[in-house]
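> sequence and predicted structure below; questions after.
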Amino acid sequence: MSDLLTGLNPEQLSAVTWPAKSALVLAGAGSGKTRVLTTRIAWLIQTGQVSPAGVLAVTFTNKAAREMQTRLGAMIPVNVKSMWIGTFHGLCNRFLRAHYRDAGLPSTFQILDSADQQAAIKRLLKSLDVSDEKFPPRAVQNFINGNKESGVRADTLSAHDAYTKKLIELYAAYDAQCQREGVVDFAELLLRSYEVLSRNAALAEHYKSRFRFILVDEFQDTNRLQYAWLKLLAGRDNALFAVGDDDQSIYAFRGAEVGNMRSLLADFGIDGPVRLEQNYRSAGNILTAANALIEKNDGRLGKNLWTEAGEGEPIRLYDAYSDGDEAEFICDEVKALQRDGWNLADIAVLYRSNAQSRALEHALVNAKLPYRVYGGLRFFERQEIKHALAYLRLIANPDDDNALLRVINIPARGIGARTVEGLQAASREQGVSLWQAACASGSGRAAASLGKFVLLIDQLRARSSNLNLAETVSLLLDDSGLKAMYEADKKESEERLANLDELINAAAGFFPQDPEQAVVEFLSAASLEAGEHQAEAGQDALQLMTVHAAKGLEFDAVFVSGLEEGLFPHENSFNDPKGLEEERRLMYVAVTRARKRLYLSSAQSRMLHGLSRYPIRSRFVDEVPGQLLHVLSATVKPLPVSHNTRAPWLDQPPPSRPSANLKGFAIGQSVTHAKFGLGVVIDAEGGGDDVRLHINFAEHGLKWLDLRYAKLSAA
DNA sequence: CCCAATTTTGTTTTT
DNA sequence: CAAAATTGGG
């Protein structure tokens, strides 16, 4: 046991060897959080306090779960695969598969990802003849998921206004549709598990007496439902060991509640958090910058990271001419780092939104630098893959209307919009799935085409019963005509065909728990871990990803790009202080990814949906103490700009802007408007005659004004 | 019914 | 600048 514990600092040691009761570990960035978590599991098992089967460990990403398994396997001889280590969603899926009858689900139930869910909602709106103008599918989706994440079903909701009433009705209808089709969305996995456990006392008791030790990673990201689920499983007697960092809470937009950390202390009678404050990752200057940034936030649990490492290098700052210029700068620096012996794989370029990778990728291709983009459109989300998986879904469960609609006419087989509409009408009338309606269709041209499709799926199912997973996928690609369709298509089909081949490989490399259920398990895995599966992983390549995707990772050198008001912090967060604080935590996460060297970059002009924008530099750059910075760009000095006053951009006149013809106006200028009064120009877009200015009015707030119509004059 | 061309629309982050 | 939705000629 001494082996496990050597090298831990006193705080880490205290956390690892915490007695068999609940605890909250407040673990700063780079403080050895994952190590503490895995070492504790190993220690508990090695000291005989619990068997591997008595441990429940929950993470947020599949990557984190895998890492925990790998590290644990290296520490102690134990079959980590059989342990309950996984994401909330993965574990709930496992639970529901085991208890599908109690959950009222078919054994073959499938999981809808976000896009599938949205398609299902669109279809629902159409079938109920609800205007998607008034009820945007996106809004309905948010309503449903928001409520599910709070543990609330439609039948317990009520409202006085007609609009909300309709939303509740849609929520109920959506759940009914999913139930009919045998599918569950992400939030449903959790809610359904929770309901099964809370209704079935015997079952709950079984799991409670089994999981004596429950460990949760990234606890700050749990939502209400997840916390309720944990409380249910922990009961009174089990030890809930939660590790988290309120400063790294960046998922409030999907229901995460940092407040769960305080609730945990109260609900489980924990005296106070154990703090891990020594940082082993970053050089001093980087840490100082991070601490200075996060200090601007209110209501923190509070902690101050420190390091024994020296100051290290200054933080490099570059204010580029344009997004293209910024990308070129990054390429040049990366090449220089490479010449100095840095590994590309240890260098990351981070950005706020996925769309920003475009300009970067363009420059990287020109510079002939190998790179790897994480996130974005992931393998299992590509259209050709989703088409193929839809056939696979139909083999497993033909009542999956989503899947059927997706491929019933792909490739084209004479089943057009009219036929599909007829099918939908029939299914609604008879209260059966589209598949059943298709099976029952009579005679005629349309019915003949439908019959052929039904035959195709039936034959695929029959023939696949003797085949393994990879053979099944291969068969379906051939027999459905999907492969032939992409082969016939001349351009851009090459990559798609390669992806389809890769899908066969993925199937061949998939090892199900229960071989009988290989198809069902494979489909679940595809929904739950849509990404990760990307080719050319081995190569030494520059790492590109969003800041969100970078959480939990670390790199020798980090570029935080696109540091502009409106982008980072994102403009959607401007109106709400909570949102702005979340953006700042995001910046904190970005900065603390770096071990040795940190670059902050911004651009003075950026293309956004086809138009140029001229944003100002992000307030977050100004929140980094100036003495830590080393400015690389010639044009701008990193002088602090206050963002707290009403007319913030006046005390520092911006540099003259290239190619920004704003009809005599400039960013930072004070203006008056006949109706809105006094304001400050903070952003602009367009060019030539079509120029729009973003103005912060003292009385009326933020407005976009079109210079062709707005009566604006200099103040 | 099919396909291509055109218009419209929209954009944060993700399990 | 894309993807998605819509239209119109075969």
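Structure's in. What do you need?
> so which helix or strand takes in residue A:503?
helix A:493-508 (DSSP states H and E).
> next SSE downstream of that helix?
helix A:518-528.
> what strands flank the helix or strand that comes right after that following helix, and is each parallel or antiparallel?
Tracing the chain C-terminally past helix A:518-528 and defining elements by DSSP H and E, one meets strand A:542-546 next. Partner strands and pairing direction for strand A:542-546 (DSSP bridges) are strand A:347-351 (parallel), strand A:371-373 (parallel).
> wait, which of those strands is closest to residue A:175?
strand A:371-373 (35.8 Å; C-beta to C-beta). Every residue, glycine included, has its C-beta placed from N, CA and C.
> ok, then the element right after that closest one?
Once strand A:371-373 ends, the next helix or strand along the chain (criterion: DSSP H and E) is helix A:383-396.
> now that following helix: buried residues?
A:384-396 (16 or more other C-beta atoms under 10 Å).
> which elements pack onto the helix or strand just after it?
Counting by DSSP H and E, the element after helix A:383-396 in chain order, helix or strand, is helix A:401-407. The contact analysis (3 or more C-beta pairs under 8 Å, 6 or more residues apart in numbering; DSSP states H and E) places helix A:401-407 against helix A:114-127, helix A:162-181, helix A:383-396, helix A:434-440.
> helix A:401-407 - what's its average pLDDT?
Across helix A:401-407, pLDDT averages out at 91.
> list the contacts of it.
With contact meaning C-beta atoms under 8 Å, 6 or more residues apart in numbering, helix A:401-407 is reached by A:110, A:112, A:116, A:119-120, A:123, A:177, A:181, A:183, A:386-387, A:389-391, A:393-394, A:397-398, A:420, A:427, A:433-435, A:438, A:480, A:482.
> among the residues you listed, name the buried ones.
For those, buried by 16+ other C-beta under 10 Å: A:110, A:112, A:116, A:119-120, A:123, A:177, A:181, A:183, A:386-387, A:389-391, A:393-394, A:397-398, A:420, A:427, A:433-435, A:438, A:480, A:482.
> for the closest residue to DNA strand B within the stretch 601-715 of chain A, give me the pLDDT.
Closest to DNA strand B within the stretch 601-715 of chain A is residue A:609: 2.2 Å, counting by C-beta to the nearest atom of the strand. Looking at residue A:609, its pLDDT stands at 79.
> and if you look at the one 4 residues further on?
Turning to residue A:613, the model gives it a pLDDT of 84.
> and what of residue A:220?
The model reports residue A:220 with a pLDDT of 95.
> how much space between it and DNA strand B?
Distance, residue A:220 to DNA strand B, by C-beta to the nearest atom of the strand, to the nearest Å: 14 Å.
> equivalent analysis for residue A:237, please.
When C-beta to the nearest atom of the strand is applied, the distance between residue A:237 and DNA strand B equals 28 Å.
> kindly report the same for residue A:519.
Between residue A:519 and DNA strand B the distance is 21 Å, computed by C-beta to the nearest atom of the strand.
> give me the spatial nearest neighbour of that residue, chain neighbours excluded.
Leaving aside its chain neighbours, residue A:519 sits nearest to residue A:396 (5.0 Å; criterion: C-beta to C-beta, 6 or more residues apart in numbering).
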